[in-house]
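Participant: fold the stuff below for me.
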Amino acid sequence: MDSTFWAFVSLILFLGLIAYLKVPGMMAKALDKRADAIRNELDEARRMREEAQQLLAEYQRRRKDAEQEASEIVQSAEREAQAIVREAKAKTEEYVTRRTAMAEEKIAQAEADAVSEVKASAVNLAIAAAERIIVERSDASVQKALFDKSIGEVKQRLN
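Facilitator: All right, here's what the predicted structure looks like:
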């Protein structure tokens with residue numbers, strides 16, 4: 001009996017012990033558990049990938065909606081700005097027209113006041129000249145008659 005024989009016997013005993021302890025079944029069971037775990041992880045990864053794709057699609061839709069809303073807000077703001085500019089322009093034109101009319105009115109009033117002043121000055125000069133002429137050419141009796149006549153005219157106008 002040589003060492004090969006004993007190595008063969010040891011191998012047979014070892015294989016018998018392995019079969020007796022049901023090691024191949026345990027190995028198969030462990031491999032099945034591992035395969036199930038891997039399959040579950042793959043299913044979970046697939047499910048998470050689908051959720052991620054759904055979330056991505058949702059966020060892309062929201063982004064698109066937000067961009068569209070922002071565009072609408074910008075367009076609305078531009079329209080409002082144009083309306084405000086038109087309104088401001090109209091109010092400015094109305095203000096300028098009103099101020100021009102007021103200035104023309106003031107000019108006309110100043111012109112009328114100047115004409116009245118000139119007339120008043122002319123009347124005062126004429127009265128002063130007439131008074132001087134009357135004083136130089138008339139005596140006391142003529143002056144008294146003119147004074148009485150003037151008082152009579154004033155009384156008539158007051159009544």
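Participant: distance of Arg61 from Glu50?
Facilitator: Going from Arg61 to Glu50 by CB to CB, to the nearest Å gives 16 Å. Backbone N, C-alpha and C define where each C-beta goes, glycine included.
Participant: least confident secondary structure element in the protein?
Facilitator: helix 140-158 (a mean of 78; mean pLDDT, DSSP states H and E).
Participant: packing partners for that one?
Facilitator: helix 23-137 (3 or more CB pairs under 8 Å, 6 or more residues apart in numbering; DSSP states H and E).
Participant: which elements pack onto the helix it packs on?
Facilitator: helix 140-158.
Participant: center of this structure - which residue?
Facilitator: Geometric centre of the chain, nearest residue: Ala77, 6.4 Å, by CA atoms, centre = their mean.
Participant: what pLDDT does that one get?
Facilitator: Listed pLDDT for Ala77 reads 95.
Participant: what do you get for Asn159?
Facilitator: pLDDT, Asn159: 64.
Participant: where in this structure is pLDDT low?
Facilitator: 138, 159 (pLDDT under 70).
Participant: at 90 what do you get?
Facilitator: Applying pLDDT under 90 to the chain picks out residues 1-2, 6, 14-29, 113, 115-159.
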